[in-house]
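# What follows is a predicted protein model with its sequence.
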2 protein chains.
Amino acid sequence: MTRRIHIGRLAQLSGRSVHTIRWYEARGLIPNVGRDAGGRRVYVDGHVEHLAFLEWLRRTGMSVEDMRAFTALGLQGWRTIPQREERLRDHRRKLERDIAMLQGALQLIDAKLDYFAQWRARKKRPPALLAMPALAEPREAGPTPGS
Amino acid sequence: MTRRIHIGRLAQLSGRSVHTIRWYEARGLIPNVGRDAGGRRVYVDGHVEHLAFLEWLRRTGMSVEDMRAFTALGLQGWRTIPQREERLRDHRRKLERDIAMLQGALQLIDAKLDYFAQWRARKKRPPALLAMPALAEPREAGPTPGS
DNA sequence: TCTTGACCTAGAGTAGGCTCTAGCATGTCT
DNA sequence: AGACATGCTAGAGCCTACTCTAGGTCAAGA
């Protein structure tokens, strides 16, 4: 099972470019990368798994630095499990805040769409939206740029 | 009501910096900015409202370019309401995808936390996570960097 | 009048996250 | 053996979205 995967193959399997994978490694996001006789990087299935997990973290707005720290903890073995759990729980809380924020935005957009519908119906601009409740402050976190 | 608001005040009211407001204007995100006798920018309440709305769009991952396009349509009056509605509906659909993605991530993180809990309990590493269902592909959109 | 603070423009600099180039080595196929 | 794909390193370049600097103008209070 422990196939010896070269970088091009890992790129296909993980959906990132060869360049990006090398860059991730340089940033400390990819642990235990082996080399073959010719100096080429050799990966195993665990790396595919790890990259898939990082992809979720990244898409949900975790910074490269935080992913590095998480990966570095993994490298230190079971003793760091509590820290890793804590970081994941922190990220989990952020995601919950992000979801709440996005749901607030959905409501606002719906209010704006109503506003436009009224404008079209009455043929005159309705009173300002800000008078509405849901708007208020757009405080709190925000997710990150999808690919 | 139409108070004459100067840029420093708008910065306070909108939560962005004076620099950023001027930059937004240069990017076409702020329509109809007046000037007083001394050449200083003069805003009205509608601008505060507009910036608050942009803030929601921005925090939910809309690009400056898309906000510019939306703002530009507004400048052309009621005739562009259908286009503006369409853009908002597009953004709304993106938000729904983002929410679904974040919820998938929550499940994955929970699975990973279970994995760690088992590891701690059994004192040995459980079999790989990827065997689990929920994981699969992290395809689809992703929100953007909160402030 | 003098000083201080808020503004102005143009343009440079920054941070994060890639993305690509150049020049060279290695491996495989015919 | 030669051609071509794939890999390597070091480092430059790019895009987005700001953020800040430099050098000057304007207005109101002491």
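The structure has been received and is ready for your questions.

# Quick check: the residue of chain A nearest DNA strand D.
Nearest residue of chain A to DNA strand D: residue A:8, at 2.5 Å (CB to the nearest atom of the strand). Quick note: C-beta positions are derived from backbone N, CA and C, even for glycine.

# Could you pull up the mean pLDDT of the helix or strand hosting that residue?
Element membership of residue A:8 [criterion: DSSP states H and E] is helix A:7-14. Mean per-residue pLDDT for helix A:7-14: 96.

# Mind naming the longest helix for chain A?
Under DSSP state H, the helix in chain A containing the largest number of residues is helix A:81-122.

# how far out from the middle of the chain is that helix?
Centroid separation between helix A:81-122 and its chain, computed with CA atoms, centre = their mean, to the nearest Å, is 15 Å.

# rewinding a little: neighbours of the closest residue to the residue of chain A closest to DNA strand D other than its chain neighbours, how many?
Spatial nearest neighbour of residue A:8, chain neighbours left out: residue A:18 (6.0 Å); criterion: CB to CB, 6 or more residues apart in numbering or on different chains. By other CB atoms under 10 Å in any protein chain shown, the residues close to residue A:18 number 15.

# how far away is residue A:18 from residue A:45?
Distance, residue A:18 to residue A:45, by CB to CB, to the nearest Å: 18 Å.

# And the residue in chain A that DNA strand C sits nearest to, its phi and psi?
Here chain A gets closest to DNA strand C at one residue, residue A:38, 2.2 Å apart by CB to the nearest atom of the strand. With angles defined as degrees, to the nearest 10, residue A:38 sits at phi -90, psi 10.

# So which bits of chain A are right by DNA strand D?
A:6, A:7, A:8, A:9, A:11, A:18, A:19, A:22, A:39, A:40, A:41 (CB under 7 Å from any atom of the strand).

# elements contacting the helix or strand that contains residue A:19?
Per DSSP H and E, residue A:19 falls inside helix A:18-26. Contacts defined by 3 or more CB pairs under 8 Å, 6 or more residues apart in numbering or on different chains; DSSP states H and E place helix A:18-26 against helix A:7-14, helix A:45-59.

# Figure out which of the ones you listed is closest to residue B:104.
helix A:45-59 (7.8 Å; CB to CB).

# show me where pLDDT drops low in chain A?
A:1, A:130-147 (pLDDT under 70).

# Recalculate using a threshold of 80.
A:1-2, A:128-147 (pLDDT under 80).

# Could you chop it up by domain?
Chain A breaks down into these domains under automatic domain parsing: A:1-62, A:76-125.

# In stretch A:82-99, which residues are buried?
Neighbour-count burial for stretch A:82-99, counted by 16 or more other CB atoms under 10 Å in any protein chain shown, picks out A:84, A:85, A:87, A:88, A:91, A:92, A:94, A:95, A:98, A:99.

# ok, the second one - contacts?
Contact criterion CB atoms under 8 Å, 6 or more residues apart in numbering or on different chains gives B:113, B:116, B:117 as the residues in contact with residue A:85.

# residues touching residue A:44, list them.
By CB under 8 Å, 6+ apart, the contact set of residue A:44 is A:2, A:3, A:4, A:5, A:34.

# hmm, 7 Å instead?
The contact partners of residue A:44, taken as CB atoms under 7 Å, 6 or more residues apart in numbering or on different chains, are A:2, A:3, A:5.

# got a winner among these for most neighbours?
Most surrounded of the contacts of residue A:44: other CB under 10 Å gives residue A:5, at 19 neighbours.

# The residue lying closest to that one once chain neighbours are set aside: how many residues sit nearby?
Take residue A:5 and drop its neighbours on the chain: the residue closest to it by CB to CB, 6+ apart is residue A:43, 4.2 Å away. Neighbour count of residue A:43, defined by other CB under 10 Å: 25.
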